[in-house]
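> sequence and predicted model, in that order:
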Amino acid sequence: MADGFAGFEFTPEVEAQTRPLWEKVKARVTPLEWRLQAPLIAAINRLKVEKNAVILAHNYMTPEIFHGVGDYVGDSLGLAREAAKCDAKIIVQAGVHFMAETSKILAPNKTVLIPDLLAGCSLASSITGADVRLIKQRYPGIPVVTYVNTTAEVKAETDICCTSANAVQVVEHVAREWGVDRVILIPDEFLARNVARQTDIKIIAWAGRCEVHERFTAADILELKAAYPGAEILAHPECPADVLEVSDFAGSTAAMSDYVLTRKPKQVVLITECSMADNVAGDAPETEFLGPCNLCPHMKRISLENIYEALLHDRYEVKVETGMADRARLAVQRMIDMPPLAIPARYDLFKARHHVDIELI
């Protein structure tokens, strides 16, 4: 722990306050680590009450953040919904910058803080608002669906946003509403390819990728299956299509969590960011979680220390220019207003077809 936090002590009072949280993380956090983390967790939770603040923690946060200080936890869509409806004065985004922008777009009268300004996203950085304007010039009259993992500037140029959980639903909705058979889905190439496997709508896509999920290969999955024949393998739809093809299930982080908590597999592998397994494990003690995983260096810039500093000093505030925010809000709100998506009864998403061509810009 940083020197500036040396005065935080693991007192009997702190131990008592954080004992229920310890029960959630003790399978993934050592007692030595907890003695350093618990005093800061207690201090953060006190500060939240004093300042009327909430912490929105993404599924990729480390367990001490996710279980220790997160008031609302989940995927991008779930956190966006909470930002829009929570009553707090201050929102601390325990996630990356585009998520903080989304919170500010949906809660313009609230103060939104990001603990580290360098917590970016390779996928969000892959496309700009100028790129989207050029795409719309090239494909006039074709609706633009934009993955929520994008900047406010990009959202402001789009018709509707989506998440990995509802991308197919959104694509088919806008195709019906616009009376078209083609939809632009940007910027994640692999998500677009995997959506195309589930719909008859033709997909026009952008060559953006998540640096965490693009590193997984089908060979990785086949090696896992050989080593752990009883394990169930769940992959995120930002992975390459051949990874999903040899996995047992593909879905968003929320769908992965639901799968584990509902079906209670004896052994499971989550093909996504490393902290996802650590966090689900806190609610699924009967399931053994196996590797591999890939770390997101941007998510890992968020720590208990900089969350505390953000709350204490109101650091660093995220702002979005009013006109841009108003246009982006339309696209995000359209996504939020979509009917809730039921977790599918059949856990075999993205497996309807072996190969579907897309038009890659």
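Received it, and whenever you're ready, just let me know what you need. These numbers were taken from a predicted model, which means no experiment stands behind them.
> make it CA atoms for all contacts and neighbour counts henceforth
Will do.
> strands of the protein, residue ranges please.
For the chain, the strands defined by DSSP state E cover 53-58, 72-74, 90-94, 111-113, 144-147, 160-162, 182-186, 202-205, 232-235, 249-250, 267-271, 288-290, 359-360.
> other residues contacting the last one?
Which is strand 359-360. With contact meaning CA atoms under 8 Å, 6 or more residues apart in numbering, strand 359-360 is reached by 189, 203-207.
> now the helices for the stretch 201-350 of the chain?
Assigned by DSSP state H, counting those that start in this stretch, the stretch 201-350 of the chain shows helices spanning 218-227, 241-246, 253-263, 274-281, 304-313, 322-336.
> try the stretch 51-200 of the chain
Assignment of helices within the stretch 51-200 of the chain using DSSP H, counting those that start in this stretch yields the ranges 63-66, 76-85, 97-106, 129-138, 152-155, 167-178, 189-196.
> nearest approach to Ser257 belongs to which of these?
helix 76-85 (12.9 Å; CA to CA).
> the closest one - contacts with which helices or strands?
On a contact count with 3 or more CA pairs under 8 Å, 6 or more residues apart in numbering; DSSP states H and E, helix 76-85 meets strand 53-58, strand 72-74, helix 97-106.
> could I get these as JSON lines with distance to Lys26, mean pLDDT and mean neighbour count?
Supplementary listing: the helices and strands packed on helix 76-85 in JSON lines, determined by distance: least, CA to CA, whole Å; pLDDT from 0 to 100; neighbours: other CA atoms under 10 Å:
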{"stretch": "strand 53-58", "distance to Lys26": "19", "mean pLDDT": "97", "mean neighbour count": "26"}
{"stretch": "strand 72-74", "distance to Lys26": "19", "mean pLDDT": "93", "mean neighbour count": "20"}
{"stretch": "helix 97-106", "distance to Lys26": "28", "mean pLDDT": "95", "mean neighbour count": "26"}
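> does Glu315 touch Leu113 like I think?
Check again: residue 315 is Arg, not Glu. Yes - using CA atoms under 8 Å, Arg315 makes contact with Leu113 at a distance of 6.2 Å.
> which of the helices of the stretch 51-200 of the chain sits closest to His213?
helix 189-196 (9.2 Å).
> now the helices and strands packed on helix 76-85 in a markdown table, with distance to Leu185?
Shown next, in a markdown table, are those (distance: least, CA to CA, whole Å):
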| stretch | distance to Leu185 |
| --- | --- |
| strand 53-58 | 23 |
| strand 72-74 | 23 |
| helix 97-106 | 18 |
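> out of those, which gets nearest to Phe10?
Among the helices and strands packed on helix 76-85, strand 53-58 comes nearest to Phe10, with 22.6 Å by CA to CA.
> packing partners of that closest one?
helix 63-66, strand 72-74, helix 76-85, strand 90-94.
> out of the ones you listed, flag the one nearest Arg301.
If you check each of the helices and strands packed on strand 53-58 against Arg301 by CA to CA, strand 90-94 wins as the nearest, at 9.6 Å.
> neighbouring strands - and their directions - for the closest one?
strand 53-58 (parallel), strand 111-113 (parallel) (DSSP bridges).
> among the helices of the stretch 51-200 of the chain, show the one with the smallest mean pLDDT.
Lowest mean pLDDT within the helices of the stretch 51-200 of the chain: helix 76-85, a mean of 86.
> give me the contact list for that helix.
Identification of contacts with helix 76-85 by CA under 8 Å, 6+ apart yields 56-58, 72-73, 91, 99, 102-103, 106-107, 148, 163, 336.
> so which bits of the one helix or strand in the chain whose mean pLDDT sits lowest are buried?
Least confident helix or strand of the chain, by mean pLDDT, DSSP states H and E, is helix 76-85 with a mean of 86. By 16 or more other CA atoms under 10 Å, the buried positions in helix 76-85 come out as 76-84.
> could you do stretch 321-332 as well?
Neighbour-count burial for stretch 321-332 flags 324-332 (criterion: 16+ other CA under 10 Å).
> which of the buried residues of helix 76-85 sits closest to Asp278?
Distances from Asp278 to those, taken by CA to CA, are shortest for Ser76, at 18.1 Å.
> ok, the closest one to Ile233 distance?
Computed with CA to CA, to the nearest Å, the distance linking Ser76 and Ile233 is 22 Å.
> residues touching Ala281, list them.
So Ala281 contacts 27, 287-289 (CA under 8 Å, 6+ apart).
> any idea which of the strands of the chain gets closest to Pro39?
So among the strands of the chain, strand 53-58 is nearest, using CA to CA, at 17.3 Å.
> make CSV out of the strands paired with strand 90-94 and add distance to Ala281.
Formatted as CSV, these follow (distance: least, CA to CA, whole Å):
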stretch, distance to Ala281
strand 53-58, 15
strand 111-113, 28
